[in-house]
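Asks: just a sequence and a predicted model for now, questions to come.
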Amino acid sequence: MFKNLGMPLPEDQEEAAEEVTAEIAKSRADIIEQLRKGLLNKRDVSIKVEEKQAHPLGAGGNNEQMMMLQSAFESMTPKKKMQRTLLVEDAIEVLVQEETDKLVNKDDISQEALKLAETNGIIFIDEIDKITSKSQNSGEVSREGVQRDILPIVEGSQVSTKYGAIQTDHILFIASGAFHVSKPSDLIPELQGRFPIRVELNDLTEDDFVRILTEPNNAMLKQYTALLATEDVNITFTQEAIRKMAVIATEVNQETDNIGARRLHTIMEKLLEDLLFEASEIPGTEITITEHYVDEKLEKIVENKDLRRYIL
């Protein structure tokens, strides 16, 4: 496996079998022990690995056909091996991945994936209000065409993919849209009939914004805390400050365009704008964001209708 370290190579037609003496066996045992302890991780080693085939990028729908065609050719031609020089720790990962791939039957995985997609699949269509058509809109024809392209998939049809054909009869389709300047009845009747259950979601509340700011693993407060930590600046937020940001987000959404949780991005950017700019000049600093700090940075903008519309 590791040619430069005296490790046994895999059986290969190109390399003759080696007689293993007691001295060689002891040398191999010593090297294996060093590998386990990580003492050889930074050593270079030459290994033979399967050459990865680059998938060409096609245009439009031809891309899928090109990938399927290339996959067929790859299965018919023997895999080439190439010599690579890597660090021992990287070489181990490459070889483990290569051996793992050999244990996996990709055909079985593809068939199981197709079966799961057909029986338990969920397709979420966002911004469906953007393809509604009205007589006064110049893009009526093209938008209606998009709806008619979606219709057979939602109704149930066979769709070709690089992994095989998928029947969409039992796939759950969910569509959503703000419908600020249009309404669901602007969709073509056939498509409306395929979405019989309609629900209206409530606007985000202050409590919702507080949870969005704090609970997710990649919550915005955690992201900004980690970002400033790269400059050795430790920042914390009080519960009052978090609640104040939630209140501001709710008010601005109610009085201007309701963009939901996206409002928090602009509020956080404006709130920490100066701090982010000066962070590199104040390493080792501990900063606490309080309710007073939030008021100081955002109060004037919130009170000015024009500023909050274009800044927040």
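Replies: Done, it's in. Keep in mind that what you see is a predicted model, and the values were worked out from it rather than measured.
Asks: other residues contacting the helix or strand harbouring Lys222?
Replies: Under the criterion of DSSP states H and E, Lys222 resides in helix 220-229. Here helix 220-229 makes contact (Cβ atoms under 8 Å, 6 or more residues apart in numbering) with 212-214, 234-237, 242, 264-265, 268, 272, 275-276, 279. Just so you know, the C-beta spots here come from the backbone N, C-alpha and C atoms, and that holds for glycine as well.
Asks: what subset of the residues you listed is buried?
Replies: For the contacts of helix 220-229, a burial check counting by 16 or more other Cβ atoms under 10 Å picks out Ile212, Leu213, Ile235, Phe237, Ile242, Leu264, Met268, Leu272, Leu275, Leu276, Ala279.
Asks: quick one: what helix or strand has the fifth one in it?
Replies: Right, Ile242. helix 239-255.
Asks: ditto for the second one
Replies: According to DSSP H and E, Leu213 maps onto helix 206-214.
Asks: now that helix, how far from the chain's geometric center?
Replies: How far helix 206-214 lies from its chain's middle: 23 Å, per Cα atoms, centre = their mean, to the nearest Å.
Asks: next one: stretch 98-109
Replies: That offset, for stretch 98-109, works out to 24 Å (Cα atoms, centre = their mean).
Asks: repeat that for stretch 163-178.
Replies: That offset, for stretch 163-178, works out to 20 Å (Cα atoms, centre = their mean).
Asks: please apply the same query to stretch 28-42.
Replies: In terms of Cα atoms, centre = their mean, the centre of stretch 28-42 is found 36 Å from the chain centre.
Asks: for the remainder of this discussion, apply numbering that starts at 33.
Replies: Sure, I'll start counting at 33 from here, so that last one is stretch 60-74.
Asks: mind saving the C-alpha coords of that stretch as CSV?
Replies: The C-alpha atoms that make up stretch 60-74 are tabulated as CSV, following Å, rounded to 0.1, in the frame of the first residue of the first chain:
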residue,chain,number,x,y,z
ARG,A,60,6.2,-3.5,8.4
ALA,A,61,4.9,-4.0,12.0
ASP,A,62,7.0,-1.1,13.1
ILE,A,63,5.7,1.1,10.4
ILE,A,64,2.1,0.1,11.1
GLU,A,65,2.6,1.1,14.7
GLN,A,66,4.0,4.5,13.7
LEU,A,67,1.1,5.0,11.3
ARG,A,68,-1.4,4.3,14.1
LYS,A,69,0.4,6.9,16.3
GLY,A,70,0.4,9.4,13.5
LEU,A,71,4.2,9.8,13.5
LEU,A,72,4.3,9.5,9.7
ASN,A,73,1.4,11.8,8.9
LYS,A,74,3.7,14.5,7.4
